[in-house]
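Asks: Sequence first, predicted model second:
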Amino acid sequence: MPNLPFRSLAGHLIRRTLGLALCCMVAVFVVQVGIMLQHQRKEFERLADEIAKTSVPLLSVSLWDIELRAVQQQVAMMAERPEVGYVMLTVGTGQQFQAGNAALQPESSSLRIAIPAPQGKSVIAELRLWPNPQFAIDEMVHTAWTVLAGYGVFTVLICSLIAYLLRRELQIPLQRLAQFASELTPQTLVQPLALDRPRRIHTDEIDLVAHGFSKLQNGLRTHIANLDKMVAERTQQLEALAEANHVLSITDPLTGCFNRRTLEPRLLEEIERAHRYQRPFSVICLDLDHFKQINDSYGHAAGDAVLCATADHLRNATRFRLDWTVRLGGEEFLIVLPETVLATALQNAERLRQLLQAEPVWFEGQRIDLTASFGVAQWQYDQASAELVQLADSLLYQAKAAGRNCIFPQLPAIE
Ligand SMILES: Nc1nc2c(ncn2[C@@H]2O[C@H](COP(=O)(O)OP(=O)(O)OP(=O)(O)O)[C@@H](O)[C@H]2O)c(=O)[nH]1
């Protein structure tokens with residue numbers, strides 16, 4: 001939002017309406033004054049006509065009869081009319097009769113009425129009438145007050161009504177809308193927008209904005225739900241990939257046994273457990289006999305099949321999820337037997353030896369007989385993992401040297 005001072009839309013519209021109403025009022029007043037001035041001039045002319053009709057014959061007779069008092073009285077009566085400011089009657093002899101405010105005489109224009117003789121057409125005097133400016137001013141002030149009072153009341157009523165409608169129909173709903181939008185968070189997106197407007201039989205722009213807002217909310221909700229679903233799917237895929245990656249990193253791709261890299265950390269865990277609980281464990285190291293000949297005679301693929309079959313035998317003949325097998329390299333494997341003493345490990349090795357010998361591998365219709373040599377050792381207290389593996393390996397090679405297809409156990413320690 002731009003960093004500008006806040007100005008209420010409704011307040012602004014009301015101020016504008018009020019300003020416009022005042023301008024209209026001044027214009028109406030000026031027009032009214034113009035009309036009134038014109039009306040006053042006409043009224044004054046009408047008055048002069050009336051005087052010409054009613055007072056001039058009397059004046060004519062009074063002048064003709066030289067009744068100067070009556071003449072002066074009639075002039076004074078004329079000057080008493082509120083519209084008339086000053087009256088001057090000039091007789092042909094030069095004699096003058098005056099009444100009213102003499103100060104008005106030189107400035108303002110006057111109406112002249114010729115006074116004829118009672119019989120005949122000769123003019124015996126001239127009557128001049130000056131309008132009363134104070135009367136005009138009073139009229140103007142009166143008009144001003146009328147306009148001001150009437151128009152002012154009307155303006156105040158209209159502005160109040162507009163202000164009430166603007167506040168109810170525009171300001172309050174817009175303020176609620178703005179507050180709702182500013183307080184909205186992804187968690188409160190389901191919250192419906194309630195403007196609490198009075199019941200109406202029509203819709204307006206505010207309804208359109210509210211409807212658009214609801215549509216936007218729904219759209220955002222759907223979008224967020226889709227995003228959540230997509231994130232969950234991607235997370236699941238990533239977890240599966242990470243798991244597959246982990247399995248790949250710790251297993252031998254050909255046989256599915258643990259790879260050499262995994263031996264060291266897993267064996268350390270085994271030693272730690274054996275240490276902590278004072279429990280035994282043993283290892284069997286085995287190597288297929290004359291494997292090179294198998295490769296040479298039946299081909300490398302046959303050699304791979306033999307390795308896979310051997311790994312399956314080792315897995316099937318040992319305890320599930322307890323014993324574990326590592327392919328040390330080539331055709332050499334190491335089986336770790338937790339909770340197993342040497343004698344039991346030897347029994348296991350013998351069972352495996354017999355199994356491998358008894359179960360030939362069939363590859364592309366060809367029978368491949370197998371034998372393997374074994375070295376078996378039990379972990380000794382404080383023995384390092386490398387030492388244990390080395391011992392089992394050396395026992396295995398002693399078995400090889402002794403003619404293969406046999407088992408060499410760890411010799412008992414000489415006291
Ligand atoms: N098919 C196949 N052959 C392998 C693999 N890894 C190693 N070899 C072969 O295994 C053979 C091992 O031969 P040697 O080390 O001489 O052992 P051996 O022939 O079994 O002789 P002894 O162990 O003394 O009985 C070599 O020819 C390697 O090429 C493998 O993953 N697949």
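Replies: Looks like it arrived, so ask away. In this text the structure is predicted, and so the values were computed from the model without any measurement. Residues are numbered from 1 along each chain as shown.
Asks: For residue 337, which three-state class applies?
Replies: Secondary structure for residue 337, judged by DSSP: H, G, I helix; E, B strand; the rest coil, is strand.
Asks: hey, what's it bridged with?
Replies: Judged by DSSP bridges, the bridge partners of residue 337 are residue 282.
Asks: That one: neighbour count?
Replies: Counted by other C-beta atoms under 10 Å, the residues lying close to residue 337 total 24. All C-beta spots, glycine's among them, are computed from the backbone N, C-alpha and C.
Asks: Now do the same contact list for it.
Replies: Contact analysis of residue 337 by C-beta atoms under 8 Å, 6 or more residues apart in numbering lists 281, 282, 283, 284, 318, 319, 323, 344, 345, 348.
Asks: Which stretches in the stretch 151-300 of the chain count as helices?
Replies: Under the criterion DSSP state H, counting those that start in this stretch, helices of the stretch 151-300 of the chain are mapped to 172-183, 205-250, 260-277, 291-298, 300-317.
Asks: any idea of the pLDDT on residue 217?
Replies: pLDDT recorded at residue 217 is 86.
Asks: so residue 74 makes contact with residue 60?
Replies: No: with contact defined as C-beta atoms under 8 Å, residue 74 and residue 60 do not form a contacting pair (10.6 Å).
Asks: more neighbours, the two?
Replies: Higher neighbour count among residue 74 and residue 60: residue 74, with 24 against 18, using other C-beta under 10 Å.
Asks: In which helix or strand does residue 66 reside?
Replies: Counting by DSSP states H and E, no helix or strand carries residue 66.
Asks: returning to that earlier point: closest to residue 374 among the contacts of residue 337?
Replies: Distance to residue 374 across these (C-beta to C-beta) is lowest for residue 284, with 6.0 Å.
Asks: Surely residue 135 forms part of a strand?
Replies: No: in this structure, residue 135 is helix, not part of a strand, as judged by three-state DSSP.
Asks: partner residues bridging residue 125?
Replies: On the basis of DSSP bridges, residue 125 is bridged to residue 91, residue 115.
Asks: what about the closest residue to the ligand within the stretch 51-200 of the chain, how many neighbours?
Replies: Of all residues in the stretch 51-200 of the chain, residue 186 sits closest to the ligand, at 54.5 Å by C-beta to the nearest ligand atom. When neighbours are defined as other C-beta under 10 Å, residue 186 has 8 of them.
Asks: For the contacts of residue 337, give me TSV that also has pLDDT and neighbour count.
Replies: Shown next, in TSV, are these (pLDDT from 0 to 100; neighbours: other C-beta atoms under 10 Å):
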residue	pLDDT	neighbour count
281	96	20
282	96	27
283	97	26
284	97	28
318	93	18
319	92	12
323	95	21
344	95	15
345	96	27
348	96	22
